[in-house]
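J.: sequence first, predicted model second:
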Amino acid sequence: MTVYFNGDFMPEANVSIAPNDRGFVFGDGVYEVARAEDGRFFRLADHRRRLTRSLDALRIQGVDTEALWTNVQELLPRNGLTDGHAKAYLQITRGAAPRQHAFPDPPVEPTVYARAEAHEPPLDKWRNGVKVILRPDQRWDRCDIKSLNYLPNVLANQAAQEADAYEALLVRDGFVTEGSHSSVAAVFDGTVTVHPFTNRTLPSITRTVMLELCDALDRPVEEFPVAVDDLPAADELFLMGTTTGIMPVVQVDDWTVGDGTPGPVAQELLEAFRALEPA
Ligand code: PDD
């Protein structure tokens, strides 16, 4: 595999990261995951904007994000990924410097890494729906930044895996915020309900696309946090994410959502989502 690392394309095995890189030591960095089809990325402008926003929020400077995305795009042909589905992972840290909590002074060059690989759309999960579990949301107060600090997400997702579930829905102060690596929506009487974009959720690009589809399909939408106690009354639940797509949820812990099969609203949105062209 050819990857991009600090200005060059190289075989993955040639990447060498300093042990005092602040991404390694503090999780001091940001990332993005974008999806491509036939060599073209979906919603590239949105991913670019979100990456810039994350970098600004952490005050990581000195990255030419315009040039970087050009190089990320270049990873597709370099890895034979111009046909079919692919995904790119992109990570930037504040760079390598002797360990001290405050930013290096003078600043050091950020560490920049990107890879692209084939992506298998989760067709079975889309068709059959998935199980999720509920876990406490133990994250910090800036979940709107796509930072590398994902330990609560990792632990929640591991708990999901150990429970044979696809995802853990995170609950804070009695309200469902989002999943460990996806956004979530509930359907009540035909209305799609999503958590508003606040500091408690990631500004999910798939969620934005889903709301655009609702608009095009004349599907009513409400943006407010769903109380975990109201969840069993939902007719449908579904997850959203770059690699998750729009994924029906049919079971939460030990109770069944609706009749236990993917609901019509999620199915309609998934169909419309799959028909979208990269742009
Ligand atoms: N996860 N919420 C969280 C906490 C996420 O990590 C993600 C994405 C989403 C969905 O965002 P988007 O629709 O922009 O992909 C919501 C990525 C894909 C990951 O960590 O692999």
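T.: Ah, there it is.

J.: tell me the secondary structure of the residue of the chain most remote from its centre, please.
T.: Relative to the mean C-alpha coordinate of the chain, counting by CA atoms, centre = their mean, the farthest residue is Pro106 (32.6 Å). Three-state assignment for Pro106 (DSSP: H, G, I helix; E, B strand; the rest coil): coil.

J.: all strands for the stretch 51-200 of the chain, in order.
T.: In the stretch 51-200 of the chain, strands defined by DSSP state E, counting those that start in this stretch lie at 85-93, 111-118, 130-136, 167-172, 175-179, 183-188, 191-194, listed in chain order.

J.: is the last one in proximity to the ligand?
T.: Which is strand 191-194. No. Strand 191-194 stays clear of the ligand (CB under 6 Å from any ligand atom), getting no nearer than 11.2 Å. (Each C-beta comes from the backbone N, C-alpha and C, glycine too.)

J.: repeat for the second one
T.: No. Contact between strand 111-118 and the ligand is absent, the nearest approach being 12.5 Å (criterion: CB under 6 Å from any ligand atom).

J.: can you give me the pLDDT of the residue of the stretch 1-150 of the chain at minimum distance from the ligand?
T.: Taking CB to the nearest ligand atom as the measure, the point where the stretch 1-150 of the chain comes nearest the ligand is Val33, at 3.8 Å. With respect to pLDDT, Val33 has a value of 98.

J.: Serialize the strands of the stretch 51-200 of the chain to JSON lines and add fields for mean neighbour count.
T.: Compiled in JSON lines, those are given as follows (neighbours: other CB atoms under 10 Å):
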{"stretch": "strand 85-93", "mean neighbour count": "21"}
{"stretch": "strand 111-118", "mean neighbour count": "19"}
{"stretch": "strand 130-136", "mean neighbour count": "20"}
{"stretch": "strand 167-172", "mean neighbour count": "22"}
{"stretch": "strand 175-179", "mean neighbour count": "24"}
{"stretch": "strand 183-188", "mean neighbour count": "23"}
{"stretch": "strand 191-194", "mean neighbour count": "20"}
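
J.: could those be laid out in a markdown table, adding mean pLDDT?
T.: A markdown table is the format used below for those (pLDDT from 0 to 100):
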| stretch | mean pLDDT |
| --- | --- |
| strand 85-93 | 98 |
| strand 111-118 | 98 |
| strand 130-136 | 98 |
| strand 167-172 | 98 |
| strand 175-179 | 98 |
| strand 183-188 | 98 |
| strand 191-194 | 98 |
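
J.: for Asn71, which of the ones you listed is the nearest?
T.: Shortest distance between Asn71 and these, using CB to CB, is found for strand 111-118: 6.8 Å.

J.: which one, of the strands of the stretch 51-200 of the chain, ends up nearest to Phe5?
T.: That would be strand 111-118 among those, by CB to CB, at 5.3 Å.

J.: the closest one: partners in the sheet, and parallel or antiparallel?
T.: In the sheet containing strand 111-118, the strands it pairs with under DSSP bridges are strand 2-5 (antiparallel), strand 85-93 (antiparallel).

J.: ok, the closest residue in space to Leu58 that isn't next to it in sequence - contacts?
T.: Ranked by CB to CB, 6 or more residues apart in numbering and with sequence neighbours excluded, the top spatial neighbour of Leu58 is Val30, at 6.2 Å. Each residue near Val30 by CB atoms under 8 Å, 6 or more residues apart in numbering is listed here: 51, 54-55, 58, 60, 91-92, 145-148.

J.: now Val30: how far from Asp144?
T.: Taking CB to CB, to the nearest Å as the criterion, Val30 is separated from Asp144 by 12 Å.
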